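Q: Provided below for reference: sequence and predicted model.
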Amino acid sequence: MALQQNIYSMTYLAGAAITQWTFVDLSTAADGTVVTAAAGGPAIGIATSGAASGAGVPVQELGRCKVTVGAVAITRGALLASDANGNAVVAVSTNYAVARAVESAASGALVTVELIQYGKQ
């Protein structure tokens, strides 16, 4: 398994309950707040801890980090997007690619990814 490398992280307020090891994005409801990333949408990073709504949540924004794999296994090297639960899925042309898989992993497992500056796949 690849190692985690935290280059840059910030603590935000959770705009709703956040699950550990999921993609999150900035909330449009309040400054300094994050919510679970939308399916195929942009993501600012990965929540490295779970948090209840209104609590602080650490978010890794750069480097290598773990994220939970969605419904389908991921192959090393794949560009990844968020599903509706903030889990990693293989990005398609209409998605924002937010990370790249450093290793292969089965559905529901943790996979090490390299966070990337997102853009449409």
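A: Everything's here; your move.
Q: tell me, what residue is most central in this structure?
A: In the chain, the centroid-proximal residue (CA atoms, centre = their mean) is Phe23; its distance is 2.3 Å.
Q: ok, that one - contacts?
A: Going by CB atoms under 8 Å, 6 or more residues apart in numbering, Phe23 touches 36-37, 43, 45-47, 67, 82, 86-88, 98-99. For glycine as for every other residue, the C-beta is placed from the backbone atoms N, C-alpha and C.
Q: Take the residues you listed and keep only those in strands.
A: Applying DSSP state E to the contacts of Phe23, the entries found in strands are 36, 45-47, 67, 82, 88, 98-99.
Q: With pLDDT, distance to Glu61 and neighbour count as extra columns, can I get those in a markdown table?
A: Shown next, in a markdown table, are those (pLDDT from 0 to 100; distance: CB to CB, whole Å; neighbours: other CB atoms under 10 Å):
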| residue | pLDDT | distance to Glu61 | neighbour count |
| --- | --- | --- | --- |
| Thr36 | 98 | 16 | 24 |
| Gly45 | 97 | 4 | 26 |
| Ile46 | 98 | 8 | 28 |
| Ala47 | 98 | 11 | 25 |
| Val67 | 98 | 13 | 30 |
| Ser82 | 97 | 14 | 30 |
| Ala88 | 98 | 16 | 29 |
| Val98 | 96 | 11 | 29 |
| Ala99 | 97 | 11 | 26 |
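Q: Buried residues, stretch 57-69. List them.
A: Buried residues in stretch 57-69, counted by 16 or more other CB atoms under 10 Å: 57-61, 63-69.
Q: same check, this time on stretch 99-111
A: Applying a neighbour-count criterion of 16+ other CB under 10 Å, one finds 99-102, 105, 110-111 buried in stretch 99-111.
Q: got any ranges where this protein has weak pLDDT?
A: Applying pLDDT under 70 to the chain picks out residues 1-6, 118-121.
Q: And the strands in it?
A: Counting by DSSP E, the segments of the chain that form strands are 5-14, 22-26, 33-36, 45-47, 56-68, 79-82, 88-90, 96-101, 110-120.
Q: Quick check: chain neighbours aside, which residue is closest to Gly50?
A: Gln20 (4.1 Å; CB to CB, 6 or more residues apart in numbering).
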